Structures are given as C-alpha cells and as structure tokens.
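Student: Need the 3D shape of this:
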Amino acid sequence: MIMDIETAEAFEPLLIPARYKGAHGGRGSAKSHFFAGLMVEECQAMPGTRAVCVREVQKSLKESAMRLIEDKIDQHKAKGFRVKSDSIETPGGGVILFQGMQDHTAESIKSLEGFRIAWTEEAQTLSARSLEMLRPTIRAPGSQLWFSWNPRNAADPVDAFFRGEKAPPDSICVRVNYDGNPWFPAELELERQHDAATNPARYAHIWLGEYEPAAIGAIWDRLTLHNNRRHEPPTMSRILVAVDPAVSNEAGSDEHGIIVAGIGEDRRGYVLEDGSLKGAPRQWADRAIQMYDKWDADAIVIERNQGGDMCREVLKSVRPGLPVIEVHATRGKHVRAEPISALYSLGQISHIGTFQKLEDQMCLMTSAGYEGEGSPDRVDALVWAFTELFPAIIKKPVKKQSARRDDFGVGWMG
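Tutor: Numbering: from 1, shown residues only. The predicted structure follows:
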C-alpha cells in the first residue's frame with residue numbers, strides 16, 4: 001500500500017532520497033510531525049524496515065516519539081502495524097525501536113547494525129560521542145539518518161555537522177518555522193504573540209530557531225535582528241569594507257573581522273557580507289580587497305590601534321592607491337557598540353540574509369563588555385563600518401584623534 005501523506009512545502013526537499021536529512025527550526029514548525037509521518041510512509045513502502053528513534057537521554061517512552069508515530073498510524077489508517085509496550089512492529093516483520101543514546105556503549109550499539117532508518121529527536125542535545133557512534137552503525141544499503149532540532153548554538157555537534165563549514169556528502173537540511181507550517185494552530189499563535197510581547201530575549205530562539213541567547217543584558221537581541229532582516233538590498237549609495245585585524249596570526253589567535261556594510265538610497269544601513277577569516281596579514285588584505293572589488297565599495301576602514309602603519313602598508317602593497325579610512329579606538333568596544341545597537345533597535349539597520357557567527361557575537365555583547373570567548377572581531381568591524389556610515393550619532397571626543405584619514409585615500413567625510 002502506497003501512502004500519500006500531505007507534506008508542507010518547507011519539508012518537500014526532504015522527500016528526495018539522501019543519507020542524511022535534517023530539519024531545524026523553532027516551535028510549531030511541525031518537524032516531529034513530518035518525520036513521524038515519513039517514518040510510517042517508509043515502513044509501509046518498504047516492508048521489513050527496521051528503524052530506531054533515539055534521543056540523547058530517554059528515561060521513559062513518554063519522552064520518545066512513540067506516541068506521535070502511533071497517532072500517525074491511526075490518522076492515516078496505515079495497515080500492518082502493531083503497537084507493543086516498548087516498540088512498534090511494522091509491515092513485513094520490521095520494527096521501530098525507541099532508545100536513549102546514553103544507554104549505549106560502543107558494543108551495545110552494534111545491535112542497531114542492519115537498521116535502515118535512525119531518527120534523532122531533540123538532536124540539539126546529542127553529544128559528539130553519540131553522533132560518532134550512531135553514524136557508522138546505521139550502514140545498511142540505502143540507510144538514512146534523520147535529525148530534527150531547535151538550535152542552541154553553533155557548537156552543538158548536530159549543528160556543526162549539518163551547518164558547519166562543510167556539510168556531509170549526500171545530505172539535505174532545511175530550516176522551517178511556524179510560518180512554514182500550513183496547519184499551525186490558532187492556540188499556538190496566541191502563545192507566539194504572547195512570547196513576542198513579553199519575552200523578546202528568547203522569542204527568536206523559541207519560535208524562529210535562532211541560537212539560544214547566552215548573555216544577560218545583551219545590547220542586541222535575535223528578535224530585532226530577525227525583524228529587521230531583508231533578502232535583497234536596495235540600491236546602495238555608499239559601501240564600506242571594515243577590517244578589525246587580529247593582533248597575531250598564531251593557531252589560537254582571533255579571526256580578522258571583515259564586514260561589508262553600506263547605506264542604501266533609503267538612508268538605512270545594511271550588512272551585506274561577512275568575509276572574516278583567520279590567516280596572515282596578506283590573507284586578510286587579499287580578502288578585504290576581494291570584498292572591496294566584489295561590492296564596488298567606496299573605501300576600506302581599518303582600525304589603527306591593531307597594527308597601525310602595518311595595516312596601511314599591507315593594503316598599500318597589494319593595491320596602491322586604495323582608498324582607506326583609518327580609525328582609532330578611544331573608548332571600549334561595548335561603549336563604541338551601543339550607539340550602533342540603538343540604530344538596530346530603531347529599525348535603521350538590516351542584515352541581508354543571515355550571518356550566524358556575526359550575530360552570535362552581537363548577542364554576547366553587553367553594556368558591561370563582551371561575554372564570549374576571544375575577541376568580538378566581527379562585531380568590531382561592523383561597529384567601525386557603521387560609525388563611519390552614521391557619523392552624526394557618534395559623539396566626537398574633545399581631541400580629534402578618532403579618525404585619521406590615510407594619505408593615499410580620502411574617506412567619506414574627508
């Protein structure tokens with residue numbers, strides 16, 4: 001019997017065969033409902049299928065997807081399934097098991113060899129150890145590993161696996177939220193509106209699948225970033241590439257923050273690209289000039305404190321005559337950042353797309369300082385860019401030494 005379960009458009013890419021399938025997003029997105037329905041479909045279409053639904057920790061079946069899969073079987077009147085006390089028998093002598101990964105050892109997990117499907121629920125809690133054990137265990141021909149999660153931070157193993165610098169081969173990953181769920185209930189809509197009004201600091205994590213806010217009193221919040229986000233920039237009237245060079249290029253040193261930002265004809269600010277990287281001075285200079293050319297920028301902004309003349313000379317050696325604006329820090333990072341965060345709160349700055357690492361740093365910047373590890377290199381570059389693009393909002397110090405223009409280029413206000 002071939003089932004035909006209606007699928008929301010946001011999940012349609014996951015209907016294509018692939019070894020790894022991931023769906024991440026916030027509450028009300030129907031991630032679990034999709035995979036529960038897909039599990040019933042797969043077991044019906046391929047009799048004898050053996051599948052396992054896992055969580056990092058599962059103290060009882062009440063914490064598993066068992067009840068949800070039972071509901072899907074009943075809802076679609078699927079034939080050949082038999083619900084038992086701790087498992088579900090599937091057509092053709094197959095089975096669906098429900099287990100906690102922490103209960104497994106390297107030896108015990110071998111019992112899952114030969115299983116065709118493994119679905120990890122609440123995958124944001126999955127440890128690196130569990131992911132490393134699960135992947136090679138599920139290795140039957142045509143086997144699939146599914147993951148559904150609400151991201152906590154980029155360091156979570158499942159997030160790094162799917163959304164890190166290099167996604168695994170033969171993988172499909174979708175982001176879906178409540179607005180991609182055509183069956184989103186009115187009751188949850190009331191809950192969502194209430195959280196938007198009363199809990200803005202956590203709203204973006206809960207409902208939009210953004211990373212968990214980690215800093216109390218952060219001067220940026222994910223809800224504001226999300227509400228201001230745009231997909232396409234307007235016609236730009238001025239574009240700058242801002243660089244915050246790291247002090248060194250050792251293995252454990254910070255990244256060189258490189259942010260492309262500008263002012264549109266609508267007089268609003270836009271973050272266009274994050275080109276930050278680690279490497280030697282020549283590498284950040286090459287990247288900055290690459291961004292300058294790509295966006296047909298007007299100038300490059302560099303922080304004179306970090307390397308001073310060296311930064312200017314590195315850029316000059318790569319591209320003589322390049323217009324450069326040198327800036328000098330006379331106040332702390334968080335003090336310089338606060339006027340820029342105020343522009344975000346006023347809806348005056350938008351990100352064109354999502355810049356996850358930049359936004360992570362932004363949401364760890366508080367009025368008392370930066371609460372993340374290392375230096376907020378990307379935020380520093382962003383702040384320098386918008387300080388130059390919105391000069392009227394920045395109080396000038398008594399001694400005019402906060403912005404020295406390079407002798408081989410002229411700044412916007414020069």
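Student: So residue 56 sits against residue 103, correct?
Tutor: No - applying C-beta atoms under 8 Å, one finds residue 56 not in contact with residue 103, separated by 10.1 Å. To be clear about C-beta, it is placed using only N, CA and C from the backbone, and glycine gets the same treatment.
Student: Show me which of the two is the more surrounded one.
Tutor: residue 56 (18 against 12; other C-beta atoms under 10 Å).
Student: For residue 51, list the residues it contacts.
Tutor: 39, 42-43, 90, 94-97, 115-119 (C-beta atoms under 8 Å, 6 or more residues apart in numbering).
Student: helix or strand right after whatever helix or strand it lives in?
Tutor: Element membership for residue 51, per DSSP states H and E: strand 50-55. Per DSSP H and E, strand 50-55 leads on to helix 66-75 as the next helix or strand towards the C-terminus.
Student: What is the neighbour count of residue 109?
Tutor: 20.
Student: I figured it was touching residue 137, is that so?
Tutor: Yes - the criterion here is C-beta under 8 Å, and residue 109 meets it with residue 137 at 5.2 Å.
Student: any idea how far residue 193 is from residue 181?
Tutor: Going from residue 193 to residue 181 by C-beta to C-beta, to the nearest Å gives 16 Å.
Student: These two - which one has more neighbours?
Tutor: residue 181 (20 against 11).
Student: So for the more buried one, what's the pLDDT?
Tutor: Note on residue 181: pLDDT of 97.
Student: so who does it touch?
Tutor: Going by C-beta under 8 Å, 6+ apart, the list of residues near residue 181 reads 8, 10, 28-30.
Student: Can you show me the strands along the stretch 1-150 of the chain?
Tutor: For the stretch 1-150 of the chain, the strands defined by DSSP state E, counting those that start in this stretch cover 20-24, 50-55, 82-83, 87-90, 94-100, 117-120, 144-149.
Student: just to revisit the earlier point, okay if I get the contacts of residue 51 as a markdown table plus neighbour count, pLDDT and distance to residue 161?
Tutor: Listed next are the contacts of residue 51 as a markdown table, based on neighbours: other C-beta atoms under 10 Å; pLDDT from 0 to 100; distance: C-beta to C-beta, whole Å:
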| residue | neighbour count | pLDDT | distance to residue 161 |
| --- | --- | --- | --- |
| 39 | 24 | 97 | 21 |
| 42 | 18 | 95 | 22 |
| 43 | 29 | 96 | 25 |
| 90 | 26 | 97 | 28 |
| 94 | 21 | 97 | 27 |
| 95 | 17 | 97 | 27 |
| 96 | 26 | 97 | 24 |
| 97 | 18 | 96 | 23 |
| 115 | 21 | 97 | 19 |
| 116 | 19 | 97 | 20 |
| 117 | 25 | 98 | 18 |
| 118 | 23 | 98 | 14 |
| 119 | 25 | 98 | 15 |
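Student: JSON lines for those residues, including distance to residue 227?
Tutor: Formatted as JSON lines, these follow (distance: C-beta to C-beta, whole Å):
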{"residue": "39", "distance to residue 227": "35"}
{"residue": "42", "distance to residue 227": "38"}
{"residue": "43", "distance to residue 227": "41"}
{"residue": "90", "distance to residue 227": "44"}
{"residue": "94", "distance to residue 227": "46"}
{"residue": "95", "distance to residue 227": "46"}
{"residue": "96", "distance to residue 227": "41"}
{"residue": "97", "distance to residue 227": "43"}
{"residue": "115", "distance to residue 227": "43"}
{"residue": "116", "distance to residue 227": "42"}
{"residue": "117", "distance to residue 227": "38"}
{"residue": "118", "distance to residue 227": "37"}
{"residue": "119", "distance to residue 227": "33"}
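Student: Identify, from those, the entry nearest to residue 84.
Tutor: residue 95 (8.9 Å; C-beta to C-beta).
Student: How about the contacts made by residue 30?
Tutor: Counted by C-beta under 8 Å, 6+ apart, residue 30 has contacts 8, 11, 176, 181, 183-184.
Student: what about 7 Å?
Tutor: 8, 181, 183 (C-beta atoms under 7 Å, 6 or more residues apart in numbering).
Student: Report the mean per-residue pLDDT for stretch 223-241.
Tutor: 92.
Student: ugh, wrong one, I meant stretch 297-315
Tutor: The average pLDDT within stretch 297-315 is 79.
Student: Now do the helices in the stretch 301-414 of the chain.
Tutor: Assigned by DSSP state H, counting those that start in this stretch, the helices in the stretch 301-414 of the chain fall at 309-318, 333-345, 356-362, 377-389.
Student: Against which helices or strands is the third one packed?
Tutor: Using 3 or more C-beta pairs under 7 Å, 6 or more residues apart in numbering; DSSP states H and E as the contact criterion, the elements in contact with helix 356-362 are helix 377-389.
Student: Check the gap between residue 106 and residue 52 for me.
Tutor: For residue 106, the distance to residue 52 - C-beta to C-beta - is 16 Å.
Student: Point to the residue nearest the middle of the chain.
Tutor: residue 356 (4.4 Å; C-alpha atoms, centre = their mean).
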